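1. Predicted structure and sequence below. I'll ask about it afterward.
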Amino acid sequence: VARSLCDMNKMSQKPVCVKDFEEHARRVLPKSIYDYYRSGADDQITLADNQAAFSRWRLYPRVLREVSHVDISTTVLGQKVSMPVCVAATAMQRMAHPDGEIATVKACQSAGIGMMLSSWATTSIDEVAKAAPEAVRWLQLYIYKDRELTKSLVLKAEREGYKGIFITVDTPYLGKRRNDIRNRFKLPSHLRMANFEMPDLAFSSKESYGEDSGLAVYVAKLIDPSLRWEDIAWVKSLTRLPVVVKGILRADDAIEAVTYGVDGILVSNHGARQLDCVVINAMMCIVEAVGGRVEVYLDGGVRRYFWDGEQGVSEVLELLREEFTLAMALCGMYSIFALPAFL
């Protein structure tokens, strides 16, 4: 599998869109691993709609505008990025390629964009920092029942030069991902969640997880379902880094987040992997609710793949850059700060 993933020449033709990379991965990855990355919760209605929702937007081009140079750069939490597309947290990337998160962060550094490292990465916080010291890096954080453990992750990220903490707030329990249950998903025996030492914490225990998804058992045992807004304030008290809440879908929750002093809101339905049939197009109402007081970001439905190592990630990012830039130019927009071109 690793050899197949590394050798892009084995693809029948050069990939020209992200879908081509996905199809290649479907052919070469073990089923349980492909299913883990690809699946959503329950009937997967939201999974399909996450992508379909983008097709319901309509562009509204202007013509005869100066677009010989299109600038798509912006900033995230004060850090400049070359385009408004960054890599969101995705767990256990070494299941897809032996270089895993190292390949992803190197590609992000080369592309001049940010990468959010999952708490459940198969490469540690410090290893990722060492691999790409100039990359804009953020840590995605699950709050564990063991608060000292949680604190240690935050402090380590700050010490290693990460630029923000993104707290996942939509996972008191793991959503019911039927394919993972059918496959009795667990990490391959040669891998572990690299930010933890003990086998139970590292999801590398030799114990059986019974008939369930191993990750569902892991979350139920270790992740804190009693999380409240006061815990966001607690994380903020630990660090000087900006703190963003990840998993907001309602305007009232967004307003609550602002009152607790967050630095940003990531509108997310967890890639449709937590609760099926949830709202999709929540971005605009949340932007309106916060009224410019904090930055607002979006994930879910934006296609993301890392199965082909650093080269594959770089190629996907370049495809997205080319598509975004071309769409901007054809809409008569020379900058992302120009007036919106959609209805």
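-> That came in fine, so what should we check first?

2. gap between S55 and G40?
-> Look at S55 and G40: by CB to CB, to the nearest Å, they are 18 Å apart. Where C-beta positions appear, they are placed from N, C-alpha and C, glycine not excepted.

3. neighbour-wise, which of the two wins?
-> Each of S55 and G40 has its neighbours counted (other CB atoms under 10 Å); G40 has more, 24 against 8.

4. Where does the more buried one sit: helix, strand or coil?
-> Classification of G40 using DSSP: H, G, I helix; E, B strand; the rest coil returns coil.

5. again, but for R321
-> Going by three-state DSSP: R321 is helix.

6. What sits closest to it if chain neighbours are left out?
-> Here the nearest residue to R321 in space, its sequence neighbours aside, is M83; by CB to CB, 6 or more residues apart in numbering that works out to 5.5 Å.

7. What is the burial count for the one you found?
-> For M83, using other CB under 10 Å, the count is 19.

8. swap in R159?
-> Neighbours around R159, by other CB under 10 Å: 11.

9. Find the nearest non-adjacent residue to D146, please.
-> L222 (7.6 Å).

10. got it, and Y36?
-> Nearest one to Y36, counting by CB to CB, 6+ apart, is F185 at 5.5 Å.

11. In which helix or strand does the one you found reside?
-> F185 is part of no helix or strand when elements are defined by DSSP states H and E.

12. For K31, see how far away it is.
-> 11 Å.

13. quick one, which of those two is more surrounded?
-> Taking other CB under 10 Å, F185 and K31 do not tie; F185 has more neighbours (20 against 11).

14. any weak-confidence spans in the stretch 201-343 of the chain?
-> The stretch 201-343 of the chain contains residues with pLDDT under 70 at 301-308, 339-343.

15. What ranges does it have for its helices?
-> 214-222, 229-238, 251-259, 283-290, 309-330 (DSSP state H, counting those that start in this stretch).

16. Now do the shared contacts for F185 and K31.
-> Common contacts of F185 and K31 (CB atoms under 8 Å, 6 or more residues apart in numbering): none found.

17. Count the neighbours of the residue nearest to S73 when sequence neighbours are not counted for me.
-> Closest residue in space to S73, ignoring its immediate chain neighbours: S82 at 5.3 Å, by CB to CB, 6+ apart. By the criterion of other CB under 10 Å, S82 has 16 neighbours.

18. give the contact list for S82.
-> S82 neighbours (CB under 8 Å, 6+ apart): I72, S73, A111, G112, I113, R321.
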